[in-house]
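Engineer: 3D model of this:
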Amino acid sequence: MRFRPRPQRSADDKARRADAEAAATAALKVAADQAAKAPPDPTAAAFFDVDNTMMMGASIFYFARGLAARDFFQSRDLLRFGWQHVTYRVWGLENTDGMRDVKEAALAFVAGREVAEIVRFGEEIYDERMAERIYSGTRALAEQHLDAGQRVWLVTATPVELASVIARRLGLTGALGTVSEVVDGRYTGHLVGEPLHGPAKAAAVRALAEREQLDLSRCWAFSDSINDLPMLSLVGHPVAINPDPDLKAVARERDWPIKDFRMARKAARIGVPTAAGMGALAGGVAAGMALRRRYIGATG
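Structural biologist: Predicted coordinates for the structure are as follows:
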């Protein structure tokens with residue numbers, strides 16, 4: 001039998017891997033400023049995704065709406081963010097290319113702005129548009145880990161400045177998020193690496209675990225998306241929260257815990273989006289708040 005050499009990794013694959021590593025390194029560097037003193041249980045930690053896991057919908061969309069209200073851009077530009085948000089609200093689906101487009105559109109809007117200004121607006125917008133959309137069940141899980149003396153991190157493709165605001169408001173340890181390039185205290189409109197998404201999340205968690213001397217077999221990870229399978233597979237205790245169909249199938253196959261904090265019959269309550277509905281969305285009108293299930297579940 002003739003030996004066939006393995007094909008070399010394509011240039012595109014190498015570039016994507018390099019971008020993922022750059023994103024993870026940048027996220028870890030920012031997180032270094034958030035590290036607190038060692039907790040009672042220093043080798044275990046919990047990692048939570050944000051969009052549709054900790055928060056109903058896409059955090060970047062709420063942030064964009066808040067910026068639109070502050071005249072950063074016109075309301076019709078929200079159409080660039082709106083469809084991604086609708087897919088979260090109605091179907092709970094996440095598209096990798098779509099999320100990257102959303103992040104890059106957001107970067108274009110903040111290019112040239114001071115970081116301190118965006119952080120200040122992030123604090124205000126969290127109070128105005130995000131706080132009421134936090135899933136109480138997911139927050140309860142995070143608090144259980146804190147009460148057990150473990151550190152709790154958000155790990156998200158959301159810009160790290162916004163992710164850090166959310167983590168701070170929830171009383172969590174810190175956040176790993178997408179890092180934007182900054183020169184002289186202002187955004188350039190470019191990312192450092194790629195959005196912290198998919199394999200980049202796993203790389204960031206692994207790097208954080210090495211720095212903080214965490215035992216990944218004792219750590220937990222929570223997400224709604226199949227795109228976070230690398231992160232979920234990295235820890236000893238993965239949990240599917242509000243899972244998309246693909247993640248639910250994997251979780252059942254691997255006997256992972258599944259928790260769903262979404263309301264029953266959500267499509268009926270929110271309504272399937274129409275052209276008129278999208279127009280209202282672009283105008284800054286919310287599609288409607290859903291009643292949320294109050295659930296406090298043990299992490300096992």
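Engineer: so residue 132: helix, strand or coil?
Structural biologist: Secondary structure assignment for residue 132 (DSSP: H, G, I helix; E, B strand; the rest coil): helix.
Engineer: in the stretch 201-300 of the chain, which spans are strands?
Structural biologist: 220-223, 237-241, 258-259 (DSSP state E, counting those that start in this stretch).
Engineer: buried deepest among those strands, which one?
Structural biologist: strand 220-223 (a mean of 28; mean count of other Cβ atoms under 10 Å). The way it works is simple: take the backbone N, C-alpha and C, and place the C-beta from them, glycine included.
Engineer: what lines up beside it in the sheet?
Structural biologist: strand 45-48 (parallel), strand 237-241 (parallel) (DSSP bridges).
Engineer: mean confidence score for that strand?
Structural biologist: For strand 220-223, mean pLDDT rounds to 99.
Engineer: endpoints of stretch 231-243, how far apart?
Structural biologist: 14 Å (Cα to Cα, to the nearest Å).
Engineer: can you check stretch 142-152 too?
Structural biologist: For stretch 142-152, the end-to-end distance is 7 Å (Cα to Cα).
Engineer: name the residues that touch that stretch?
Structural biologist: The contact list for stretch 142-152 (Cβ atoms under 8 Å, 6 or more residues apart in numbering) reads 36, 39-41, 44-48, 54, 170-173, 212, 220, 298-299.
Engineer: just the mean pLDDT for that stretch, thanks.
Structural biologist: In the prediction, stretch 142-152 has an average pLDDT of 97.
Engineer: which parts of it are buried?
Structural biologist: Neighbour counts over stretch 142-152 (16 or more other Cβ atoms under 10 Å) mark 142, 144-146, 150-152 as buried.
Engineer: the nearest residue to residue 111 once chain neighbours are set aside and residue 112: what is the separation?
Structural biologist: Spatial nearest neighbour of residue 111, chain neighbours left out: residue 189 (3.1 Å); criterion: Cβ to Cβ, 6 or more residues apart in numbering. In this view, residue 189 and residue 112 are 7 Å apart by Cβ to Cβ, to the nearest Å.
Engineer: more neighbours: which of these two?
Structural biologist: residue 189 (16 against 9; other Cβ atoms under 10 Å).
Engineer: can you confirm that one is in a strand?
Structural biologist: Yes. With three-state DSSP as the criterion, residue 189 is located in a strand.
Engineer: quick one: it and residue 182 touch, right?
Structural biologist: No. Using Cβ atoms under 8 Å, residue 189 is not in contact with residue 182, being 10.5 Å away.
Engineer: what's the neighbour count on residue 182?
Structural biologist: 14.
Engineer: residues contacting it?
Structural biologist: 115, 188.
Engineer: over to residue 168?
Structural biologist: So residue 168 contacts nothing (Cβ under 8 Å, 6+ apart).
Engineer: what about the helices in the stretch 51-200 of the chain?
Structural biologist: 59-69, 79-86, 96-110, 115-125, 136-147, 160-169, 199-212 (DSSP state H, counting those that start in this stretch).
Engineer: closest one to residue 244 among those helices?
Structural biologist: helix 96-110 (12.2 Å; Cβ to Cβ).
Engineer: and the buried residues of stretch 142-152 as JSON lines, adding distance to residue 226?
Structural biologist: Formatted as JSON lines, the buried residues of stretch 142-152 follow (distance: Cβ to Cβ, whole Å):
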{"residue": "142", "distance to residue 226": "22"}
{"residue": "144", "distance to residue 226": "25"}
{"residue": "145", "distance to residue 226": "23"}
{"residue": "146", "distance to residue 226": "28"}
{"residue": "150", "distance to residue 226": "26"}
{"residue": "151", "distance to residue 226": "26"}
{"residue": "152", "distance to residue 226": "23"}
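Engineer: spatially, which two of those are the most separated?
Structural biologist: 144 and 151 (13.0 Å).
Engineer: quick check, pLDDT for residue 37.
Structural biologist: For residue 37, the predicted pLDDT is 60.
Engineer: how about residue 136?
Structural biologist: At residue 136, pLDDT is 95.
Engineer: that one contacts residue 261, correct?
Structural biologist: Yes. If you go by Cβ under 8 Å, residue 136 and residue 261 touch, sitting 7.4 Å apart.
Engineer: more neighbours, those two?
Structural biologist: residue 261 (22 against 12).
Engineer: I'd like to know how far the more buried one sits from residue 201.
Structural biologist: For residue 261 relative to residue 201 (Cβ to Cβ), the value is 21 Å.
Engineer: start and end of stretch 47-54, how far apart?
Structural biologist: 11 Å.
Engineer: ok, and what's touching it?
Structural biologist: Taking Cβ under 8 Å, 6+ apart as the rule, stretch 47-54 contacts 57-60, 88, 92, 94, 134-135, 138-139, 141-142, 152-158, 163, 166, 170, 172, 201, 205, 219-225, 228, 231, 235, 241-242.
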